[in-house]
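Novice: Sharing a model prediction with you, sequence too.
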Amino acid sequence: MRVPRTFAALLVLMAAVSCTAAHGDDGKPGATAPALPAFQRLLPAPAQARATAPGTGYVLGPGTVIRADPSSPDTRESADRLAEQLRATSGLSLMVVDGDQRDGILLRIDEQATALGAEGYELTSDANAVTLTAHTPAGLFYAVQTLRQLVPAAGGGLVQGGTITDRPRFAYRGAMLDVARHFFPVGQAKRYVDQLAQYKVNTLHVHLSDDQGWRLAIDSWPRLAEYGGGTEVGTGPGGSWSKEEYRSLVEFAKERHVEVVPEIDMPGHTNAALASYAELNCDGKAPARYRGIKVGFSSLCVRKEVTYTFIDEVLGELAELTPGRYLHIGGDEAHSTSAEDYAAFMDRAQEAVARHGKTAVAWHQLAGARPADGTVLQYWGTATTAPGEKGKVADAAAHGHPLILSPADRLYLDMKYDLTTKPGLTWAGFVPVKQAYDWDPGTYLSGSGVPESAVLGVEAPLWTETIATRADLEFMAFPRVLGLAELGWAPKTAHNWTAYAKRLAAQGPRLDEQGVTFYRAPDVPWS
Ligand code: NGO
């Protein structure tokens, strides 16, 4: 049935007026709405969404033209990428042209739209056009990710009408991949980045060295990768990334607005380095390489000057390869280093990071020593962490150290879901999907006096002592890492497990389509 324009506009207005923030109310009683209206399926939930009446919006089809506003070169790149993605997911080959008419899909970067911030965007859909507006290329990228979730999978169809005005709750939304315990090629890290960026995750932290292996070529200390890279947990051959491969990951991530944060763990977790170079050991003797999963037994020799030449050269090469702001220097579980030595060592490690023009990130144990100005701390405690330890973290936060929250009993993706999970550890307990999602980063440490403003963001680490294959990696990460994406981006007002579980279930077909071997957790209503 054809509805006169003015009448349709009136319906739109009525629907919009009756909606409030966070979710479009396009599923009124009596309407033949799908099980979950399009705007309510979005993951992460947008800051604000107002849907027009069900059945209204832009009909995307083979004749749709994608227009890149010629006033900014970055829009053309996003437009081409969108066309590519729609070809892959919907089978439609859409034409991309330069232009700014509101007709088809229009991508624009608006210099004036400062209110949208560094990562925000606005998406509007009506009978004539879908318009994506952002202040920055990152914002436009996120608008495109939202649009991808709104396009029905095969052959196009209706892009629900309305307006989404969106921006993230936290600036840092990260995932960590441990390629040291089990080696994973750079291609696997790229695949993970591609998956995560769709859900607006903007940081990939790579854990590049540990007792079991060293994974990045360093020219000034070549045996690190050549010899120290030749082991992993168990009997596998290990491996390492060339600088070229690392650079290609950084570039791939950058195209998806993901910043790479490389970690060289120190002074503990260093057996692979100690095995590669005898002079790094206090007794001058190189230990054997290690294939087990114990922690806390290794330490760089804090009192030898060569140790500082070593870290300076390694961090220097790493800084040179890394356009991002951060270098992660570990600092966790230095159980074979005295408190005094640990503090002295970490002082110099932080100095080295600063010398190479970067900001240091360290695991929160550094709060018990002397975090340098600007150093970011990554908290990985649990519900049972001692108040004293949390207090030190709170003190550091009060002194201006931003916090990344990775509570192990919430966000450690290597914890088993439940008794049935084959890979994984349990030292922080089981972490079912609901538990990974159902907490608030803003108030998580408020009992210790940490305000939300001290929280830079959240990160989900995936440690790989027990994870050796892509299938296991994705099984442990998905769907829990979508909870991380949600916590990092969605407004606090959208927090609701029942609603989230439905939205998560709606991502099932997308994950299937992308070949992700996710866990069909029983606490999620998968269709
Ligand atoms: C701890 C430890 C890692 C382990 C991980 C396993 C941190 C920061 N240090 O987390 O070496 O791999 O647990 O869950």
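Specialist: Yep, that arrived.

Novice: helix or strand for the closest residue to the ligand within the stretch 251-400 of the chain, which one?
Specialist: Relative to the ligand, the nearest point of the stretch 251-400 of the chain is D332 (4.0 Å; C-beta to the nearest ligand atom). Any C-beta I mention is one placed from the backbone N, CA and C, and that applies to glycine too. Using DSSP states H and E, D332 falls within no helix or strand.

Novice: Same check on V431?
Specialist: V431 belongs to no helix or strand, assigned by DSSP H and E.

Novice: just H401 next, same as before
Specialist: Under DSSP H and E, no helix or strand contains H401.

Novice: isn't it right up against A372?
Specialist: No. Counting by C-beta atoms under 8 Å, H401 does not reach A372; the two are 9.2 Å apart.

Novice: the more surrounded of these two?
Specialist: H401 (22 against 17; other C-beta atoms under 10 Å).

Novice: Do a quick rundown of the strands in the stretch 401-527 of the chain.
Specialist: 403-405, 455-462 (DSSP state E, counting those that start in this stretch).

Novice: from the ones you listed, which stretch is densest packed?
Specialist: Across the strands of the stretch 401-527 of the chain, averaging neighbours per residue (mean count of other C-beta atoms under 10 Å) puts strand 403-405 on top, at a mean of 27.

Novice: pLDDT below threshold where in this protein?
Specialist: Regions of the chain meeting the criterion pLDDT under 70 cover residues 1-34.

Novice: Could you spell out which stretches of it belong to which domain?
Specialist: Per automatic domain parsing, the domain ranges recorded for the chain read 5-166, 172-492+499-504.

Novice: what's around G296, how many residues?
Specialist: Counted by other C-beta under 10 Å, the residues lying close to G296 total 14.

Novice: what residues are up against it?
Specialist: Contact analysis of G296 by C-beta atoms under 8 Å, 6 or more residues apart in numbering lists 268, 333-336.

Novice: Which one (most neighbours) among the residues you listed?
Specialist: Neighbour counts for those, by other C-beta under 10 Å, peak at A334, which reaches 28 neighbours.

Novice: That residue should be in a strand, yeah?
Specialist: No. A334: not assigned to a strand; according to DSSP: H, G, I helix; E, B strand; the rest coil it is coil.

Novice: That one: what's it in contact with?
Specialist: With C-beta under 8 Å, 6+ apart, A334 has these contacts: 267-268, 296, 299, 342, 365.

Novice: Name the nearest residue to it, ignoring sequence neighbours.
Specialist: Using C-beta to C-beta, 6 or more residues apart in numbering and skipping residues adjacent in sequence, the residue nearest A334 is G268, 4.0 Å away.

Novice: can I assume the one you found is in contact with E333?
Specialist: Yes. Counting by C-beta under 8 Å, E333 is a contact partner of G268 at 5.3 Å.

Novice: shared neighbours, the two?
Specialist: Common neighbours of G268 and E333 (criterion: C-beta under 8 Å, 6+ apart): 295-296.

Novice: So what would you say the end-to-end distance of stretch 96-113 is?
Specialist: End-to-end distance of stretch 96-113 (C-alpha to C-alpha, to the nearest Å): 24 Å.

Novice: again but with stretch 190-209, I slipped
Specialist: The straight-line separation of the ends of stretch 190-209 (C-alpha to C-alpha) is 18 Å.

Novice: Repeat that for stretch 36-55.
Specialist: By C-alpha to C-alpha, the extent of stretch 36-55 from end to end equals 13 Å.

Novice: mind checking the SS state of A349?
Specialist: Per three-state DSSP, A349 ends up helix.

Novice: Show the contacting residues for it.
Specialist: Counted by C-beta under 8 Å, 6+ apart, A349 has contacts 266-267, 311, 315, 329, 331, 360.

Novice: Closest one of the residues you listed to D409?
Specialist: Using C-beta to C-beta, G331 is the member of these that lies nearest D409, at 20.9 Å.

Novice: Please list the residues of the chain that sit near the ligand.
Specialist: Within the chain, the positions lying close to the ligand (C-beta under 6 Å from any ligand atom) are 295, 332-333, 363, 380, 412, 414, 425, 463, 465.

Novice: filter the residues you listed to the buried ones?
Specialist: Neighbour counting by 16 or more other C-beta atoms under 10 Å classes 332-333, 363, 380, 412, 414, 425, 463, 465 among the residues of the chain next to the ligand as buried.

Novice: burial measure for T337, as a count.
Specialist: For T337, the count of nearby residues is 22 (other C-beta under 10 Å).

Novice: A strand includes it, no?
Specialist: No. Looking at T337 with three-state DSSP, it is coil, so not inside a strand.

Novice: Give me the distance between the nearest residue to it once chain neighbours are set aside and L249.
Specialist: Leaving aside its sequence neighbours, T337 sits nearest to S299 (C-beta to C-beta, 6+ apart; 4.5 Å). Separation of S299 from L249 (C-beta to C-beta, to the nearest Å): 29 Å.

Novice: and those two? which has more neighbours close in?
Specialist: Set S299 next to L249 and count neighbours by other C-beta under 10 Å: S299 wins out with 25 against 22.

Novice: Quick one: residues contacting the closest residue to the ligand within the chain.
Specialist: The nearest approach of the chain to the ligand comes at W463, 3.6 Å away (C-beta to the nearest ligand atom). For W463, the contact set (C-beta under 8 Å, 6+ apart) comprises 178, 181, 207, 412-414, 425.

Novice: Can you point out the buried residues in stretch 209-226?
Specialist: Within stretch 209-226, the residues that count as buried by 16+ other C-beta under 10 Å are 209-218, 221, 223-225.

Novice: any idea which of these is closest to Y192?
Specialist: R215 (15.0 Å).

Novice: Pull up the gap between that closest one and E122, please.
Specialist: 41 Å.

Novice: Surely N128 and R102 touch.
Specialist: Yes. Using C-beta under 8 Å, N128 makes contact with R102 at a distance of 5.7 Å.

Novice: out of these two, which sits in the busier spot?
Specialist: Ranked by neighbour count (other C-beta under 10 Å), N128 and R102 place R102 first, with 15 against 12.

Novice: Nearest to V431 among the contacts of G296?
Specialist: Closest approach to V431 among those (C-beta to C-beta): E333, at 20.0 Å.

Novice: hang on, that closest one packs against V295?
Specialist: Yes. With contact defined as C-beta under 8 Å, E333 reaches V295; the gap is 5.1 Å.

Novice: Now do the shared contacts for these two.
Specialist: Residues touching both E333 and V295 (C-beta under 8 Å, 6+ apart) are 268-269.

Novice: Pretty sure W439 sits against P407.
Specialist: Yes. The pair W439 / P407 is scored as a contact, 7.4 Å apart, by C-beta under 8 Å.

Novice: joint contacts of these two?
Specialist: Common contact partners of W439 and P407 (C-beta under 8 Å, 6+ apart): none.

Novice: Excluding its own residues, what touches the helix or strand that contains V261? List them.
Specialist: Assigned by DSSP H and E, V261 belongs to strand 259-266. Applying C-beta under 8 Å, 6+ apart, the set of residues contacting strand 259-266 from outside is 174, 176, 180, 202-210, 216, 246, 249-250, 253, 300, 311, 314-315, 318, 321-322, 324-332, 345, 349, 361.

Novice: Direction included, what does it pair up with?
Specialist: Looking at strand 259-266 with DSSP bridges, its partner strands are strand 203-207 (parallel), strand 326-330 (parallel).

Novice: the helices in the stretch 351-500 of the chain, which residues?
Specialist: Assigned by DSSP state H, counting those that start in this stretch, the stretch 351-500 of the chain shows helices spanning 387-398, 408-411, 433-437, 470-477, 480-489, 497-506.

Novice: between those, which gets nearest to D166?
Specialist: For the helices of the stretch 351-500 of the chain, the distance to D166 is smallest for helix 480-489, at 8.3 Å, taking C-beta to C-beta.

Novice: residues of the host helix or strand of G187 that come out buried?
Specialist: Per DSSP H and E: G187 is located in helix 186-197. By 16+ other C-beta under 10 Å, the buried positions in helix 186-197 come out as 186, 188-193, 195-197.

Novice: angle of that helix against strand 203-207?
Specialist: 150 degrees (axes from the mean of the first three to the mean of the last three C-alpha atoms, to 10 degrees).
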